[in-house]
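**Student:** pasting the sequence and the predicted model now:
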Amino acid sequence: MSTYRCSVCNMGVDASCSDCKTPLENGSITLDTGSVVQISKCPKCEGKIKSPICCGQDMACSA
C-alpha cells in the first residue's frame with residue numbers, strides 16, 4: 001500500500017478503494033499539456049484519484 005507523507009508536518013496517509021477494499025497504489029498520469037500528475041490508483045477497479053494534499057501541497061509517496 002502506498003503511504004503518502006506530508007513534508008511539512010510529517011502526517012501520513014494510507015488509502016484503499018472503498019468499493020473493493022484493495023489498497024491503492026502510487027501512479028501518475030500525463031495531462032494533455034505534458035504535465036505529470038501524481039495519483040493513487042486501484043489495481044483491481046482501475047479507479048484513480050489525485051494524490052492527497054496536506055499543508056497546501058501534494059503529499060509525497062515513497063513507493
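**Tutor:** That came in fine, so what should we check first?
**Student:** so which residues of the chain form helices?
**Tutor:** Per DSSP state H, the chain carries no helices over any range.
**Student:** low-confidence ranges, it, go.
**Tutor:** Within the chain, the stretches falling below the threshold (pLDDT under 70) are 1-2, 62-63.
**Student:** and stretch 13-21, what's buried?
**Tutor:** Neighbour counts using 16 or more other C-beta atoms under 10 Å place 15, 17 of stretch 13-21 among the buried residues. Quick note: C-beta positions are derived from backbone N, CA and C, even for glycine.
**Student:** who's in contact with it?
**Tutor:** Applying C-beta atoms under 8 Å, 6 or more residues apart in numbering, the contact partners of stretch 13-21 are 1-5, 22-24, 40, 42, 44-45, 47, 49, 52, 54, 59.
**Student:** just the ones of these in strands?
**Tutor:** 3-5, 40, 49, 54 (DSSP state E).
**Student:** which of those sits closest to residue 32?
**Tutor:** residue 49 (19.2 Å; C-beta to C-beta).
**Student:** give the contact list for that closest one.
**Tutor:** 15, 24, 39-41.
**Student:** what do you get for residue 50?
**Tutor:** Contacts of residue 50 (C-beta under 8 Å, 6+ apart): 37-40.
**Student:** now do residue 28
**Tutor:** Per C-beta under 8 Å, 6+ apart, neighbours of residue 28: 36-39.
**Student:** from the residues you listed, list the buried ones, please.
**Tutor:** Buried among these (16+ other C-beta under 10 Å): 38-39.
**Student:** wait, residue 27 touches residue 47, no?
**Tutor:** No. Counting by C-beta atoms under 8 Å, residue 27 stays clear of residue 47, with 11.1 Å between them.
**Student:** name the residues contacting each of those two.
**Tutor:** residue 41.
**Student:** what number of residues lie near residue 6?
**Tutor:** As a burial measure, residue 6 scores 18 neighbours (other C-beta atoms under 10 Å).
**Student:** could you measure from it over to residue 52?
**Tutor:** 8 Å (C-beta to C-beta, to the nearest Å).
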